[in-house]
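[1] Have a look at this prediction, sequence included:
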Amino acid sequence: MSDPAGADRGPEGGAPRSFAALRDLLLERRATLPKRLAQVADFALDNPDDMAFGTVAAVADLAGVQPSTLVRFAQALGYEGFSDLQTVFHALLRNRWPDYEERLRALSPDSAAGPAALLAGFCESASLSLSRLQERTSGEALERAVDVLAGADTIYVLGQRRTFAVAAYFAYAFAKLKIRCVLVDNVGSLGPDQVAFAEAKDALLAVSFAPYTPSTIEIAERLASRLPVVAITDSPFSPLVASARVWFEVAEADFGAFRAVSGTFALAMTLAVAVGQRRAKS
């Protein structure tokens, strides 16, 4: 990650002038931010487009805070005000593929348009999710995650609700690659018992997106004290981050309020195959 005090900071180490530096600064201060400012930070990292183009009143409404809280948030980070903070998000969007979002907004899940329009919309959201994944996933994080997983005797895989399909894919792929794994399905609330024999030489691969499943968070927190955790989640402020030795942020796009899982599955395939390759070489 960028050093918040480095070249991406303003004159004399002032407010961050790039999104990467801003993100690093928020991660650095995440434990000390007041509740409302932490709420704004979470929203800002997850919704850069709204931060870039919304008015103070509009963004405050979306973030669920008062407009004055946005101003306080910006000034707490060293910016002159909210409009100064917005320049960071403007710069981010100039260096991305904004046409995906523009086209996605133009689509509508109106049933009168028929299934073809829905297919187009879901394909657009999948494309945006994959673009975000490539943009936000570092090679260094991938290498560290593969080191952890390839070195584990047994990989425990945990994901509930919407992410259960991802956890099931990991279990399937690892089994085919002859990598010992345990799918923690939590059937009958037996998740804690399913990980009871996990040891320091093992690893946990946990997947959870908002609203975060309590059992996933609880099991990850419990195991983090004795074995490495690799987490896939949707925000630097996810409760999974505190338990993880390595974590990945996957910001899935949505269409008609249905969130894609394209980016998550692409990352899952990458990790599974990379771990298989590493194991084959050892």
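    Arrived safely. Keep in mind the model is a prediction, meaning the values are calculated, not measured.
[2] Residue 231 falls within a strand, correct?
    Yes: assessed by DSSP: H, G, I helix; E, B strand; the rest coil, residue 231 belongs to a strand.
[3] Do I have it right that it meets residue 250?
    No: using CB atoms under 8 Å, residue 231 is not in contact with residue 250, being 10.4 Å away. Yep, even glycine has a C-beta here, placed from its N, CA and C like the rest.
[4] Can I get stretch 172-184 as PDB, trimmed to CA atoms?
    What follows is stretch 172-184, C-alpha atoms only, in PDB (Å, rounded to 0.1, in the frame of the first residue of the first chain):
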ATOM      1  CA  TYR A 172     -14.600 -28.400  -4.800                       C
ATOM      2  CA  ALA A 173     -11.500 -26.900  -6.500                       C
ATOM      3  CA  PHE A 174      -9.200 -27.800  -3.600                       C
ATOM      4  CA  ALA A 175     -10.500 -31.400  -3.600                       C
ATOM      5  CA  LYS A 176      -9.900 -31.800  -7.300                       C
ATOM      6  CA  LEU A 177      -6.400 -30.400  -6.800                       C
ATOM      7  CA  LYS A 178      -5.800 -32.900  -4.000                       C
ATOM      8  CA  ILE A 179      -5.400 -30.200  -1.400                       C
ATOM      9  CA  ARG A 180      -6.800 -31.200   2.000                       C
ATOM     10  CA  CYS A 181      -9.700 -28.900   3.000                       C
ATOM     11  CA  VAL A 182     -12.700 -28.700   5.200                       C
ATOM     12  CA  LEU A 183     -15.900 -26.900   4.200                       C
ATOM     13  CA  VAL A 184     -17.300 -25.300   7.300                       C
END
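[5] Just the buried residues of that stretch, please?
    Neighbour-count burial for stretch 172-184, with 16 or more other CB atoms under 10 Å as criterion, is recorded at 173-174, 179, 181-184.
[6] hmm, who's touching that stretch?
    Residues outside stretch 172-184 that contact it (CB atoms under 8 Å, 6 or more residues apart in numbering): 153-158, 167-168, 170-171, 191, 194-195, 219, 268-269, 272-273, 275-276, 279.
[7] and if we set it to 6 Å?
    Outside stretch 172-184, the residues that touch it by CB atoms under 6 Å, 6 or more residues apart in numbering are 154-158, 171, 191, 194-195, 272, 276.
[8] now swap in stretch 214-229 and tell me
    So stretch 214-229 is contacted by 148, 158, 160, 186, 191, 195, 198, 200, 202-204, 206, 208, 239-240, 243-245 (CB under 6 Å, 6+ apart).
[9] okay, the nearest residue to residue 155 once chain neighbours are set aside: pLDDT?
    The spatial neighbour of residue 155 that comes closest, neighbours along the chain excluded (CB to CB, 6 or more residues apart in numbering), is residue 181 at 4.4 Å. Among the per-residue scores, residue 181 holds a pLDDT of 96.
[10] I'd like the distance between residue 181 and residue 222.
    19 Å (CB to CB, to the nearest Å).
[11] One more: residue 213?
    Counting by CB to CB, the separation of residue 213 from residue 222 is 14 Å.
[12] Comparing those two, which residue is more hemmed in?
    Applying other CB atoms under 10 Å to residue 213 and residue 222 shows that residue 213 carries more neighbours, namely 22 against 15.
[13] give me the number of residues near the residue lying closest to the more buried one once chain neighbours are set aside?
    Spatially, and ignoring its direct neighbours in sequence, residue 213 is nearest to residue 160 (4.1 Å; CB to CB, 6+ apart). Around residue 160 there are 20 other residues, counting by other CB under 10 Å.
[14] got it, and residue 32?
    Considering only other CB under 10 Å, residue 32 is surrounded by 8 other residues.
[15] and it, what pLDDT?
    90.
[16] just the strands in the stretch 51-200 of the chain please.
    Along the stretch 51-200 of the chain, the stretches classed as strands by DSSP state E, counting those that start in this stretch are 155-159, 181-184.
[17] Now tabulate these in a markdown table and tack on distance to residue 35.
    Formatted as a markdown table, these follow (distance: least, CB to CB, whole Å):
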| stretch | distance to residue 35 |
| --- | --- |
| strand 155-159 | 28 |
| strand 181-184 | 31 |
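[18] Please consider this matter closed, and thank you.
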